[in-house]
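Colleague: Just need the structure, nothing else, for what follows:
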Amino acid sequence: VAASRSFGKCGCQEGMAIVTRIDTTEVAEALRTQIREDVGAAKVKPKLVGFLANKDPAARKYAEWTGRAATKDGIEYEIRELEPIMLESAVDEANSDPSVHGILIYYPVFGAAPSFFGGSMDEQLRNRIAPEKDVEGLCHTYRTNLYRNVRFMDPAQRQKAIVPCTPLAVIKCLEHVGAHDRGSSPPMAGKTVSVVNRSEVVGRPLAAMLANDGATVYSIDIDSIYVMSKGQMTRTEVSPDEAVRQSDVVVLGVPSKNYKLDAALLKPNAVVVNVSAFKNLDDSNASVPFTYVPLVGRVTVACLERSLLTLFKQYHAPNRPTALLFDSLDSRTLKAAAAGATAASALFVLANLLRRA
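Modeller: Purely as a prediction, here's the structure:
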């Protein structure tokens with residue numbers, strides 16, 4: 001029978017194992033306090049538009065959380081519900097609307113359905129959002145930068161690249177518990193991580209981000225396991241159980257109530273982060289102390305707002321330092337000249353235009 005008692009950060013004792021449960025409210029509130037300050041100082045209220053074109057209850061819950069948080073934090077939020085077939089044209093309209101500063105789509109929409117243009121329909125939708133409005137960092141530009149460990153959009157390193165919100169939320173939680181040390185270079189040096197999920201929205205980008213930060217990452221999916229280090233991804237014969245036994249951090253993101261990782265596999269003092277809507281951990285057999293982060297949804301929403309503020313400052317705010325990126329060519333040329341843009345910046349602008357042509 002599991003017994004519980006307080007251990008500061010919501011700790012409890014289950015059987016013989018001490019489990020330290022982390023309440024992520026503190027992580028989210030730290031981010032949102034800064035967001036409220038930034039929104040309060042803005043001359044124009046940032047506007048976020050979310051497109052809901054499915055019946056997925058998890059997607060609707062995410063949309064509701066986003067709306068409540070945005071309203072509380074002073075962000076203008078609009079949810080637009082529509083049929084999937086109308087989504088592409090609706091995104092194009094929002095891309096061209098100067099009053100819209102951020103766009104997100106609540107997935108899945110078409111699931112794995114293929115696109116006429118190659119890849120999946122959902123992938124085409126991710127790429128449809130203009131980079132200067134992509135708060136989830138899932139378009140081709142940001143995905144390419146993430147996997148190549150390119151963290152800025154300009155040579156002067158003033159324009160930050162956007163990264164996916166849930167992977168970023170996981171990293172913020174790891175920072176909070178001391179498993180990701182921003183004061184070290186790299187922050188995850190010497191750490192081993194298992195990520196049980198290889199989706200293009202959560203598991204794979206998270207594994208790449210952690211690998212780029214110095215970790216050795218086992219990327220585990222239903223039919224394969226790969227080991228990832230900075231810039232490298234190779235198949236391995238290591239079993240999922242063996243990978244978990246080696247791991248300082250285990251991230252669980254299986255979208256099924258039937259999957260449960262046996263906590264008996266954990267190494268002492270491991271950190272377990274559950275990003276699935278379902279509890280992916282069976283802690284009834286836990287025998288070693290570990291830290292458990294059961295929910296990251298609040299932090300994901302805070303990271304979404306943070307990304308919106310970053311895009312707003314970089315590309316939309318009236319007093320932003322430069323308005324070079326993602327405008328028309330004529331506007332770019334005029335603004336570059338007016339701002340005395342450097343030759344390097346001008347070349348960067350043209351390169352972005354050619355890539356998007």
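
Colleague: shaky segments in the protein?
Modeller: Counting by pLDDT under 70, the ranges of the chain that qualify are 1-17, 321-357.

Colleague: In it, what residue spans correspond to helices?
Modeller: Taking DSSP state H, the helices of the chain run over residues 25-41, 57-72, 87-96, 121-128, 140-147, 165-176, 203-212, 240-246, 297-311, 329-339, 343-356.

Colleague: For residue 223, find the nearest of these.
Modeller: Taking Cβ to Cβ, helix 240-246 is the member of the helices of the chain nearest to residue 223, at 11.2 Å. Backbone N, C-alpha and C define where each C-beta goes, glycine included.

Colleague: Just the residues contacting the closest one, thanks.
Modeller: The contact list for helix 240-246 (Cβ atoms under 8 Å, 6 or more residues apart in numbering) reads 192, 194, 196, 218, 220, 225, 250, 261, 265, 266, 267.

Colleague: so what's the fifth one up against?
Modeller: Residue 220 is in contact with 194, 195, 196, 197, 198, 240, 243, counting by Cβ under 8 Å, 6+ apart.

Colleague: picking up where we left off before, format the helices of the chain as TSV; extra columns: distance to residue 188 and mean neighbour count.
Modeller: Output for the helices of the chain, formatted as TSV (distance: least, Cβ to Cβ, whole Å; neighbours: other Cβ atoms under 10 Å):
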stretch	distance to residue 188	mean neighbour count
helix 25-41	18	16
helix 57-72	27	16
helix 87-96	35	16
helix 121-128	26	20
helix 140-147	15	19
helix 165-176	8	24
helix 203-212	6	25
helix 240-246	14	17
helix 297-311	18	24
helix 329-339	38	13
helix 343-356	30	14
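
Colleague: Dump the ones you listed to a markdown table, plus distance to residue 79.
Modeller: Putting the helices of the chain into a markdown table (distance: least, Cβ to Cβ, whole Å) gives the following:
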| stretch | distance to residue 79 |
| --- | --- |
| helix 25-41 | 19 |
| helix 57-72 | 6 |
| helix 87-96 | 12 |
| helix 121-128 | 17 |
| helix 140-147 | 23 |
| helix 165-176 | 17 |
| helix 203-212 | 25 |
| helix 240-246 | 38 |
| helix 297-311 | 13 |
| helix 329-339 | 31 |
| helix 343-356 | 28 |
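
Colleague: Among those helices, which comes closest to residue 272?
Modeller: helix 240-246 (9.5 Å).

Colleague: Centre of the chain to that closest one, how far?
Modeller: 25 Å (Cα atoms, centre = their mean, to the nearest Å).

Colleague: And for stretch 236-250?
Modeller: 23 Å.

Colleague: so how many other residues sit close to residue 76?
Modeller: 16 (other Cβ atoms under 10 Å).

Colleague: Bridged to it, which residues?
Modeller: Taking DSSP bridges as the rule, residue 76 bridges to residue 47.

Colleague: Can I get the contacts of helix 240-246 in CSV including distance to residue 174?
Modeller: Listed next are the contacts of helix 240-246 as CSV, based on distance: Cβ to Cβ, whole Å:
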residue, distance to residue 174
192, 13
194, 13
196, 16
218, 16
220, 18
225, 21
250, 11
261, 18
265, 19
266, 16
267, 16
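
Colleague: Would you mind checking those residues for buried ones?
Modeller: Among the contacts of helix 240-246, those buried by neighbour count (16 or more other Cβ atoms under 10 Å) are 192, 194, 196, 218, 220, 225, 250, 261, 265, 266.

Colleague: List just the one of the helices of the chain that sits closest to residue 281.
Modeller: Nearest to residue 281 among the helices of the chain is helix 240-246; the distance by Cβ to Cβ comes to 11.0 Å.

Colleague: about what we covered before: residue 157 is nearest to which of the helices of the chain?
Modeller: In terms of Cβ to Cβ, the element of the helices of the chain nearest to residue 157 is helix 343-356, at 11.4 Å.

Colleague: tell me the contacts of residue 261?
Modeller: 196, 244, 250, 252, 272, 280, 281, 282.

Colleague: re the thing from before, name the stretch from the helices of the chain that approaches residue 229 most closely.
Modeller: Smallest distance to residue 229 across the helices of the chain (Cβ to Cβ): 5.4 Å, for helix 203-212.

Colleague: and the angle from that closest one to helix 140-147?
Modeller: Helix 203-212 and helix 140-147 are oriented at 40 degrees to each other (axes from the mean of the first three to the mean of the last three Cα atoms, to 10 degrees).

Colleague: packing partners for helix 203-212?
Modeller: With contacts taken as 3 or more Cβ pairs under 8 Å, 6 or more residues apart in numbering; DSSP states H and E, helix 203-212 sits against helix 140-147, helix 165-176, strand 192-196, strand 216-220, strand 225-229, strand 249-252.

Colleague: how about a cut-off of 10 Å?
Modeller: Applying 3 or more Cβ pairs under 10 Å, 6 or more residues apart in numbering; DSSP states H and E, one finds that helix 203-212 contacts helix 140-147, helix 165-176, strand 192-196, strand 216-220, strand 225-229, strand 232-235, strand 249-252.
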